[in-house]
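> generate a structure from the sequence data that follows.
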Amino acid sequence: MAIPREVSFTVNGKPVDVVVEPRELLIHTLRERLHTTGPHIGCETSHCGACTVDIDNMSVKSCTMLTVQCQGAKVLTIEGFEQGGQLHALQEAFTQDHALQCGYCTPGMITRAYRLLQENPHPSEQEIRYWMAGNLCRCTGYQNIVKAVQDAAGKLAAKAA
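Have a look, this model is predicted:
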């Protein structure tokens, strides 16, 4: 019988302490214990990317990570992107460019695109498609997703200048 463990980490800038079973996946902790429901449970095999979060400046599929591995980590979910009532440039671009339809994949897509733009503020279309390949969308055909990432990159670059 596994002994539950207390894990302390931050989610969207807020410290959390949770007691979990050692085998509990981060996606379940986020959604069921912390009520952070932006990351979605899709395939539970790491193929779809609906559960993508940013952990210590790395894009991670939270269905493949145990919560106990997050001890001391900084976790960013889609809920942490909006700041002071202002949507992040990616959130605005996804809306304006019609880069979503059903919306199920959108939190994971935006979170993955965020990490791309942190590492490469001026990606080409080919680079965007490469980075986003691990996140699946059944509705959009991807063209508007790529356009939204390009538009957000432009807005963030203009803001930084």
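> how about low-confidence regions in the protein?
By pLDDT under 70, the low-scoring segments of the chain are 1.
> residues in contact with stretch 51-71: which ones?
Contact with stretch 51-71 is made by 5, 7-9, 18, 20, 22-30, 39-46, 49, 73-77, 107-109, 111-112, 114-116, 118, 134-135, as judged by CB atoms under 8 Å, 6 or more residues apart in numbering. Where C-beta positions appear, they are placed from N, C-alpha and C, glycine not excepted.
> what residue spans form the domains of the protein?
5-80, 89-160 (automatic domain parsing).
> let's have the ones you listed in JSON lines, adding mean neighbour count.
Formatted as JSON lines, these follow (neighbours: other CB atoms under 10 Å):
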{"stretch": "domain 5-80", "mean neighbour count": "18"}
{"stretch": "domain 89-160", "mean neighbour count": "18"}
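> quick one: Q101 from F94, how far?
Distance from Q101 to F94, counting by CB to CB, to the nearest Å: 11 Å.
> quick check: neighbours shared by those two?
Listed contacts common to Q101 and F94 are nil; contacts here mean CB under 8 Å, 6+ apart.
> the chain: helices as residue ranges?
26-28, 89-96, 106-119, 125-132, 143-160 (DSSP state H).
> need those in TSV (columns: distance to F81).
Formatted as TSV, those follow (distance: least, CB to CB, whole Å):
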stretch	distance to F81
helix 26-28	18
helix 89-96	6
helix 106-119	7
helix 125-132	17
helix 143-160	11
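> what bridges to V18?
V7 (DSSP bridges).
> isn't it right up against V7?
Yes - using CB atoms under 8 Å, V18 makes contact with V7 at a distance of 5.6 Å.
> list the contacts of F9.
Remark: with contacts taken as CB under 8 Å, 6+ apart, F9 is in contact with P15, V16, C70, Q71, G72, A73, K74, V75.
> spatially nearest residue to I110, not counting backbone neighbours?
L90 (4.9 Å; CB to CB, 6 or more residues apart in numbering).
> returning to that earlier point: among the contacts of F9, which are located in strands?
In strands, judged by DSSP state E, the following of these are found: P15, V16, K74, V75.
> what's the spacing between the spatially closest residue to the third one that is not a sequence neighbour and T77?
Meaning K74. Once flanking residues are discounted, K74 sits nearest to T10: 5.0 Å by CB to CB, 6+ apart. Look at T10 and T77: by CB to CB, they are 11 Å apart.
> over to V20?
If you measure V20 against T77 using CB to CB, the figure is 17 Å.
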